[in-house]
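Peer 1: With the sequence up front, the predicted model follows.
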Amino acid sequence: MRVAGRPALRPPRLPRNDDPACPTPPVRRVVFLSLVTERPALAGEQRGRSVVTIPEETTSASLTRQPTILVVDDEASYRDALTSGLSGEGFSVIVATNAREAIAEFGRISPDLVLLDVMLPDRSGTEVCRELRAASNVPIIMVSARSSEIDVVIGLELGATDYVAKPYRMRELIARIRAVLRRSPIEIASDEVIVAGPVRMDSSRREAYVRGALIELSRKEFDLLWLLVSHAGSVVTRETCIDALWWGQDLLDTRTLDTHIKRIRPKIELDAAAPRHLVTIRGVGFRFDA
């Protein structure tokens, strides 16, 4: 199994449970914003940044937002087909017709995935891929009529996540997109705090508190707990956990994930033998209950 793990992390965007009978427990996010104007100090404010608590309903909405895909292709027929097909599958689509527009839109919208044509009118798509990869770990799927082995190898070596040959079947392309997004590593915002139940996690300090007390977590334990806490009330599958934490590694023994869960439980549960917050959903994955 190919699995994931990268330095720059943020919580993956997972599907929420839309069943009205299974309401999502509240998760409070606190985002730190740079102060750009002088004003009286607010309660809870820290030097150089202000504390903003996002309402619970805003948090829930943000976790169910549509993944944004940047489509870069100079052929109108492909752009139109992709926009229609991807929008119909629940994706938000932004289009660019050349390399210059692609780089500008990439910086403006921070997409979840880029569909990048190799043959663009102003620059090679491989050059654009190299430039985007130098700036971000966002998944890039290269699309091209060139399907020789050397073309595929060059694209992948430049940092593409996948390579699809034209003409392609829309259903297959969408399946590849979903697979890539599921495998995307955790990317934790560098200045964010999340609170759910007794757990409070600060990404800038990489600190976790349970009932107000600081707990010791290894790097992987922190990333795993962040993944679960940031999606409190939703089941996170074993595959998602493994892909997010061990990206690009061959994890031969999936019990490694269970070992990390067992190490975290005593640090957050009053009774690790009867967990109330970090719950195992047998055969599926794990859920953090606030």
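Peer 2: Great, that's in hand.

Peer 1: CA atoms for contacts and neighbours, from now on please.
Peer 2: Fine.

Peer 1: what's the burial count for the nearest residue to L173 once chain neighbours are set aside?
Peer 2: Closest residue to L173 apart from its sequence neighbours, by CA to CA, 6 or more residues apart in numbering: V164 at 7.6 Å. Neighbour count for V164, taken as other CA atoms under 10 Å: 21.

Peer 1: Could you do E131 as well?
Peer 2: Neighbour number of E131 under other CA under 10 Å is 14.

Peer 1: Look up how far M201 lies from V71.
Peer 2: 35 Å (CA to CA, to the nearest Å).

Peer 1: now swap in G159 and tell me
Peer 2: Taken as CA to CA, the span from G159 to M201 is 32 Å.

Peer 1: And those two? Which one has more around it.
Peer 2: M201 (24 against 21).

Peer 1: Pretty sure that one sits in a strand.
Peer 2: Yes: the assignment for M201 (DSSP: H, G, I helix; E, B strand; the rest coil) places it in a strand.

Peer 1: In contact with L116: list those residues for me.
Peer 2: 71-73, 125, 129, 140-143 (CA atoms under 8 Å, 6 or more residues apart in numbering).

Peer 1: Now it: phi and psi?
Peer 2: phi -120, psi 120 (degrees, to the nearest 10).

Peer 1: Identify the bridge partners of it.
Peer 2: V72, M142 (DSSP bridges).

Peer 1: Kindly report the same for I281.
Peer 2: With DSSP bridges as the rule, I281 is bridged to G285.

Peer 1: picking that back up, which of the contacts of L116 sits closest to V93?
Peer 2: Taking CA to CA as the measure, V93 sits nearest to V71 out of these, at 7.0 Å.

Peer 1: Assess the claim that that closest one and V114 are in contact.
Peer 2: Yes: at 6.1 Å, V71 counts as touching V114 under the criterion of CA atoms under 8 Å.

Peer 1: For the two, indicate the residue with more neighbours.
Peer 2: V114 (27 against 23).

Peer 1: How far off centre is the helix or strand where that one lies?
Peer 2: Counting by DSSP states H and E, the element that carries V114 is strand 113-117. Chain-centre distance of strand 113-117: 17 Å, with CA atoms, centre = their mean, to the nearest Å.

Peer 1: Then stretch 272-279?
Peer 2: Using CA atoms, centre = their mean, the distance between the centre of stretch 272-279 and that of its chain works out at 26 Å.

Peer 1: Stretch 194-212 now?
Peer 2: 19 Å.

Peer 1: Repeat that for stretch 164-181.
Peer 2: Per CA atoms, centre = their mean, the centroid offset for stretch 164-181 relative to its chain is 19 Å.
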